[in-house]
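S.K.: Could you work out the structure for the sequence below:
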Amino acid sequence: MIWLYLKMIFGPIKMRNDVKEIGKSVIELQIKALKKLKHSINDTFDKAVRAIGKCKSKIIICGVGKSGIIASKISATLSSIGTPSFSISASDCSHGDLGRITKNDIIILISNSGNTSELTNIIEYAKKNKILLIGIMSNRESNLYRSSNIKLLIPEVKESGFGIVPTSSTTVAMSIGDALAIALMKKNKFGKLDFKKYHPGGSLSTKLKTAGDIMYTKNKIPFVYENQFMRHALKILNSKKLGFVVVINLQGQNTGIFTDGDLKRLLQKKRNIGNLKIKSFMTKKPFVVEENSLASEVLIKMNKKKITSACVYRKGNKKKIVGVLHIHSLLKNSR
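M.R.: Below is the predicted model of the structure:
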């Protein structure tokens with residue numbers, strides 16, 4: 001009875017521990033596979049990146065089964081960094097979809113064995129039409145290896161699940177695709193603002209909003225001339241309701257800023273301020289940011305400086321203010 005009682009208690013615990021160990025072993029195998037992949041990167045990888053970078057048409061990616069799913073993911077990543085790409089079904093290529101591929105395209109075929117029969121027609125089509133073929137495979141003796149113009153040989157790796165379930169090999173194939181995409185992105189000097197063009201929606205778009213996207217512009221900017229009296233400046237301060245005015249000279253150049261905080265401090269010293277000129281009390285070096293600055297980064301800087309406003313300029317002319325920011329707008333657009 002005691003033995004049965006202990007089995008009932010400790011049996012499930014052991015099973016849970018076994019499941020956790022299995023999970024860890026799968027991940028460990030994939031870590032080892034990725035390390036092998038890292039050490040296999042050579043000049044051929046650089047050649048592939050350069051070829052894709054020079055392509056003036058599309059990158060067509062194809063695989064069968066799990067490799068087909070990976071092809072779709074790599075294609076989507078390339079498109080998101082400004083390299084036109086789409087994935088195609090190997091079976092559909094045998095029924096008319098080869099017509100979607102032109103001579104100026106590049107074909108990337110993914111097959112761990114390199115001998116996937118469904119890819120034969122695509123390989124022959126590439127040869128016949130002299131289309132650059134990049135092969136991703138682990139078998140030097142395969143048809144895909146022999147036929148590829150650029151051979152991205154990935155290491156043979158140990159699979160989980162009796163050694164036959166595509167796990168480590170799919171991770172390696174996915175990673176080589178990501179590596180190609182990010183290397184290409186760096187080579188093309190593809191920046192955050194470029195990335196933003198292809199991601200206008202969702203949380204990524206929010207993270208990539210710039211000062212120019214959310215700034216107040218044109219007649220919403222509370223401009224006052226530096227030689228104007230405080231009574232006029234206060235009217236602008238009250239009507240625009242931003243808590244500050246931007247001070248400019250007759251040439252339209254920014255010379256300072258005057259905030260409601262400045263007003264409170266001034267009133268503690270003087271009561272009759274209406275006939276005083278604003279240039280005598282403005283802050284002469286306001287916080288300015290370039291319009292392509294990321295809004296999230298501007299918010300961090302403003303919090304560090306403990307200020308609530310910023311002037312926005314266009315690249316190359318810091319004195320010409322094209323917009324203004326209030327911390328409330330930045331907070332609203334950071335959610």
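S.K.: Now for the most centrally placed residue in the chain, which secondary structure element holds it?
M.R.: Of all residues in the chain, the one closest to the mean position by C-alpha atoms, centre = their mean is residue 195, 5.5 Å from it. Element membership for residue 195, per DSSP states H and E: helix 192-197.
S.K.: In terms of secondary structure, what does whichever helix or strand comes after that helix contact?
M.R.: As assigned by DSSP H and E, the chain's next helix or strand after helix 192-197 is helix 202-207. Judged by 3 or more C-beta pairs under 8 Å, 6 or more residues apart in numbering; DSSP states H and E, the packing partners of helix 202-207 are helix 192-197. Where you see a C-beta, it was placed from the backbone N, CA and C, and this is true even at glycine.
S.K.: so for the helix it packs on, what's the average pLDDT?
M.R.: Averaged across helix 192-197, pLDDT comes to 80.
S.K.: Quick check: end-to-end length of stretch 312-330?
M.R.: Its first and final residues considered, stretch 312-330 spans 13 Å by C-alpha to C-alpha, to the nearest Å.
S.K.: buried residues in that stretch?
M.R.: 312-313, 321-327, 329-330 (16 or more other C-beta atoms under 10 Å).
S.K.: just to revisit the earlier point, output the helix holding residue 195 as CSV - backbone C-alpha positions only.
M.R.: Extracted C-alpha coordinates of helix 192-197, given in CSV (Å, rounded to 0.1, in the frame of the first residue of the first chain):
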residue,chain,number,x,y,z
LYS,A,192,14.8,52.3,-39.3
LEU,A,193,13.1,55.0,-41.4
ASP,A,194,13.4,52.7,-44.5
PHE,A,195,11.9,49.8,-42.4
LYS,A,196,9.0,52.1,-41.4
LYS,A,197,8.0,52.6,-45.0
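S.K.: for that helix, which positions count as buried?
M.R.: 195-196.
S.K.: hang on, the residue nearest to the centre of the chain packs against residue 80?
M.R.: Yes - if you go by C-beta atoms under 8 Å, residue 195 and residue 80 touch, sitting 7.4 Å apart.
S.K.: between the buried residues of stretch 312-330, which is closest to residue 251?
M.R.: Comparing the buried residues of stretch 312-330 against residue 251 with C-beta to C-beta places residue 321 closest, at 12.2 Å.
S.K.: Can you verify that closest one is assigned to a strand?
M.R.: Yes - looking at residue 321 with DSSP: H, G, I helix; E, B strand; the rest coil, it is inside a strand.
S.K.: Can you give me every residue that contacts it?
M.R.: Residues in contact with residue 321, defined by C-beta atoms under 8 Å, 6 or more residues apart in numbering, are 221, 223, 246, 248, 254, 288, 311-313.
S.K.: Using JSON lines, lay out the residues you listed together with distance to residue 142 and secondary structure.
M.R.: Formatted as JSON lines, these follow (distance: C-beta to C-beta, whole Å; DSSP: H, G, I helix; E, B strand; the rest coil):
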{"residue": "221", "distance to residue 142": "65", "secondary structure": "coil"}
{"residue": "223", "distance to residue 142": "70", "secondary structure": "strand"}
{"residue": "246", "distance to residue 142": "67", "secondary structure": "strand"}
{"residue": "248", "distance to residue 142": "70", "secondary structure": "strand"}
{"residue": "254", "distance to residue 142": "66", "secondary structure": "strand"}
{"residue": "288", "distance to residue 142": "60", "secondary structure": "strand"}
{"residue": "311", "distance to residue 142": "62", "secondary structure": "strand"}
{"residue": "312", "distance to residue 142": "57", "secondary structure": "strand"}
{"residue": "313", "distance to residue 142": "58", "secondary structure": "strand"}
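S.K.: Buried subset of these as a ChimeraX selection?
M.R.: To isolate the buried subset of those in ChimeraX, counting by 16+ other C-beta under 10 Å, use the following:
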select :221,223,246,248,254,288,311,312,313
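S.K.: and residue 1, what pLDDT?
M.R.: On pLDDT, residue 1 comes in at 50.
S.K.: Residue 5 too?
M.R.: 46.
S.K.: Residue 138 now?
M.R.: Note on residue 138: pLDDT of 95.
S.K.: how much space between it and residue 118?
M.R.: 18 Å (C-beta to C-beta, to the nearest Å).
S.K.: of the two, who's got more company?
M.R.: Remark: of residue 138 and residue 118, residue 138 carries more neighbours, 20 against 17, as counted by other C-beta atoms under 10 Å.
S.K.: Surely that one and residue 156 touch.
M.R.: Yes - between residue 138 and residue 156 there is a contact under C-beta under 8 Å: 4.8 Å.
S.K.: picking up where we left off before, which ones are touching the residue nearest to the centre of the chain?
M.R.: 80-81, 204, 208.
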